[in-house]
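Novice: sequence and predicted structure, then a few things I'm wondering about:
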Amino acid sequence: MFKVAIVGRPNVGKSTLFNTLIGERKAIVEKTPGITRDIIEGYAELEDKKGILLIDTGGINWGGKDFFNKTIIELVDKTLAEADLVLLVVDAKEGLTSEDLITAEYLRKKDKKVILVVNKVEGKEDEERAIEFYKLGFENIVFISAKNQKNIAQLKDLIKKYAKDHLEEIPEIEVIKIAIIGRPNVGKSTLLNRLLGYERMIVSEIPGTTRDCVDVFLTLPDGRKYLLIDTPGIRRRTKIDKRAEKFSVDKALETIKKVDIVLFMITAEEGITNQDQRLLRQIQKNYKACILLVNKWDLFDTKREAGNLMLENIKYGIRFISWVPILTISAKTGRRVNQIFPLIEEVYQQYNKRVNTALVNKILEDLKKNYTFNVKGKRIKFYYATQVEVKPPTFVIFININPDEIPKHIEKFMENSFRKFLEFNKVPVKVVFRLRD
């Protein structure tokens, strides 16, 4: 698919433009420079169901000497190597800067087709300042306001001219959606890079390195397709000082609700923490399939007894969500990373499985023979049951009393029983009670 990269200094509105072009709020938009640190991709529709792949990159600060600026430039280099067209975004309110001149020269050396996008043109003074950007010497220049969607149609038409013979249908592929969730610095981005085979994410020892929820499509050689989402490390809300960090947390929690499977990462150093348990309860609350990845397990290479003890402590720490499979890995060395996708497939098959109604009711009849339940002195009659949904497997049981009066322990008993006898041992099961008419 035709690839268009968005580049420019920090805080010129690249992410706002990206969100406007793809039609959803995906990148983090804030006034703090440098909010987008990772590569984010999305499809922009240019004609009926056809379009291009749009790539948002981190803001380039040529004068910056810290770890992030160096890594961002490396990521931009890799993105440009694959890009067919570049949108160089500049800021009309600030006017032409020396950084813009350096970026323009950088792109000329890359010998890439460039559209100069002068953003934040929202008044007469902005329009007057925008004229000076002609000094950059690019043939195609568009004055826009991404925030107000001014001249966005004109920009799309110009992109379309470059991509006219290369527009492809925007894929509507059934993929397994997977979120990588965990506290800061547990190795989420290292794992994603290991799975992808190259450094797409910024990986460092600094907590909070990944600020965006970053979507990556991955197709395995056998044709299986996945959407992998690396999320920001989730701290306790009391420790979230900046608005950008808070928005990152909200995005991650929102992502949990949208995906099929959560890869929940912890480390062998710390095991299960109180914060991990809070996050796992959110996964449980939303009935999401989950795999617990214990990273940095190589720390126990020469400490087998200590490793066994840690594993027992982890199992105890997640006893309230005991169906979650556990895999010990090392994202850094690649140990057992090759077992992740087979486990994902096994979990997804259970999560998406339908059970014959006759079998469901056979299990229900067996339970009725062996167990009885009373609520407020009245015996519960279980008439029949049926599966009504997948992802999660959801069963409706018709009963003789008001469903609101059913205690939680009975609901959990039925969920656990269906999970055990219907072979849903690695996924959550949801049971809903209904009053029979």
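Specialist: Arrived safely. In this text, all values refer to a predicted model and were calculated from it rather than measured experimentally.
Novice: count the neighbours of the residue lying closest to Thr97 once chain neighbours are set aside for me.
Specialist: Distance criterion C-beta to C-beta, 6 or more residues apart in numbering; nearest residue to Thr97, sequence neighbours excluded, is Arg9 at 7.1 Å. Every C-beta, even on glycine, is put in place using the N, C-alpha and C of the backbone. Using other C-beta atoms under 10 Å as the criterion, Arg9 is surrounded by 22 other residues.
Novice: what's near enough to touch Arg9?
Specialist: If you count contacts by C-beta atoms under 8 Å, 6 or more residues apart in numbering, Arg9 has them with Gly59, Ile60, Asn61, Val90, Asp91, Thr97, Glu99, Asp100, Thr103.
Novice: any idea which residue of the protein is furthest from its center?
Specialist: Gly377 (48.0 Å; C-alpha atoms, centre = their mean).
Novice: and the pLDDT at it?
Specialist: Looking at Gly377, its pLDDT stands at 89.
Novice: residues in contact with Lys110?
Specialist: Neighbouring residues of Lys110 by C-beta under 8 Å, 6+ apart: Leu80, Val86.
Novice: state the distance from it to Glu82.
Specialist: Distance from Lys110 to Glu82, counting by C-beta to C-beta, to the nearest Å: 12 Å.
Novice: I'd like the next helix or strand past the lowest-mean-pLDDT helix or strand in the chain.
Specialist: In the chain, no helix or strand scores lower on mean pLDDT, DSSP states H and E than helix 243-258, which sits at a mean of 67. Toward the C-terminal end, the helix or strand that comes next after helix 243-258 (DSSP states H and E) is strand 261-267.
Novice: and the helix or strand following that next one, what's buried?
Specialist: Per DSSP H and E, the first helix or strand lying C-terminal to strand 261-267 is helix 274-285. If you call a residue buried by 16 or more other C-beta atoms under 10 Å, then helix 274-285 has these buried ones: Gln275, Asp276, Leu279, Leu280, Gln282, Ile283, Gln284.
Novice: from the contact counts, what lies against helix 274-285?
Specialist: strand 176-182, helix 243-258, strand 261-267 (3 or more C-beta pairs under 8 Å, 6 or more residues apart in numbering; DSSP states H and E).
Novice: list the buried residues in the helix or strand encompassing Tyr384.
Specialist: Per DSSP H and E, Tyr384 falls inside strand 382-389. Judged by neighbour count (16+ other C-beta under 10 Å), strand 382-389 contains these buried residues: Phe382, Ala385, Gln387.
Novice: what's the answer for stretch 258-275, then?
Specialist: 259-268, 271-272, 275.
Novice: dump the residue contacts of Lys426.
Specialist: Lys426 neighbours (C-beta under 8 Å, 6+ apart): Ala289, Trp323, Val324, Pro325, Glu346, Val347, Gln350.
Novice: residue ranges with poor pLDDT in the protein?
Specialist: Low-confidence regions of the chain, defined by pLDDT under 70, span residues 24-39, 64-68, 172-174, 198-214, 223, 230, 232-252.
Novice: check contacts around Tyr287.
Specialist: Here Tyr287 is in contact with Pro392, Pro428, Lys430 (C-beta under 8 Å, 6+ apart).
Novice: would you list those residues in a markdown table and tack on neighbour count, distance to Ile180 and secondary structure?
Specialist: Shown next, in a markdown table, are these (neighbours: other C-beta atoms under 10 Å; distance: C-beta to C-beta, whole Å; DSSP: H, G, I helix; E, B strand; the rest coil):
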| residue | neighbour count | distance to Ile180 | secondary structure |
| --- | --- | --- | --- |
| Pro392 | 20 | 20 | coil |
| Pro428 | 23 | 19 | coil |
| Lys430 | 15 | 24 | strand |
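Novice: just to revisit the earlier point, possible to save the buried residues of helix 274-285 as CSV with distance to Ser145?
Specialist: CSV is the format used below for the buried residues of helix 274-285 (distance: C-beta to C-beta, whole Å):
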residue, distance to Ser145
Gln275, 41
Asp276, 43
Leu279, 38
Leu280, 43
Gln282, 37
Ile283, 40
Gln284, 44
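Novice: now, which of those sits nearest Asn295?
Specialist: The shortest approach to Asn295 among the buried residues of helix 274-285 belongs to Asp276, at 12.4 Å (C-beta to C-beta).
Novice: right, and the closest one touches Gly317 too?
Specialist: Yes - here Asp276 reaches Gly317: they are 7.4 Å apart, a contact under C-beta atoms under 8 Å.
Novice: please enumerate the helices of the protein.
Specialist: 14-22, 67-82, 98-110, 124-130, 152-163, 188-196, 243-258, 274-285, 304-317, 340-351, 357-370, 408-421 (DSSP state H).
Novice: so which of those helices is nearest Asp298?
Specialist: helix 304-317 (10.1 Å).
Novice: check which residues of that closest one are buried.
Specialist: For helix 304-317, using 16+ other C-beta under 10 Å, the buried residues are Gly307, Met310, Leu311, Ile314, Gly317.
Novice: what's the answer for stretch 418-430, then?
Specialist: Phe418, Arg419, Leu422, Phe424, Lys426, Val427, Pro428, Val429.
Novice: quick check, nearest of those to Glu169?
Specialist: Closest to Glu169, out of all of these and judged by C-beta to C-beta, is Val427, at 32.8 Å.
Novice: residues touching that closest one, list them.
Specialist: So Val427 contacts Ala289, Trp323, Val347, Gln350, Tyr351, Pro392, Pro393, Arg419 (C-beta under 8 Å, 6+ apart).
Novice: got phi/psi on the residue nearest to the fourth one when sequence neighbours are not counted?
Specialist: With sequence-adjacent residues excluded and distances taken as C-beta to C-beta, 6+ apart, Gln350 is closest to Val427, at 4.5 Å. Reported as degrees, to the nearest 10, the phi and psi values for Val427 are phi -140, psi 160.
Novice: distance check, Val427 against Phe320.
Specialist: For Val427, the distance to Phe320 - C-beta to C-beta - is 15 Å.
Novice: for PyMOL, what selects the buried ones among the contacts of Arg9?
Specialist: Applied in PyMOL, the following selects the buried portion of the contacts of Arg9 according to 16+ other C-beta under 10 Å:
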select buried, resi 59+60+61+90+91+99+100+103
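Novice: among the contacts of Arg9, which one lies nearest to Leu435?
Specialist: Gly59 (57.6 Å).
Novice: thought the closest one was touching Lys14?
Specialist: Yes - using C-beta under 8 Å, Gly59 is in contact with Lys14, at 6.9 Å.
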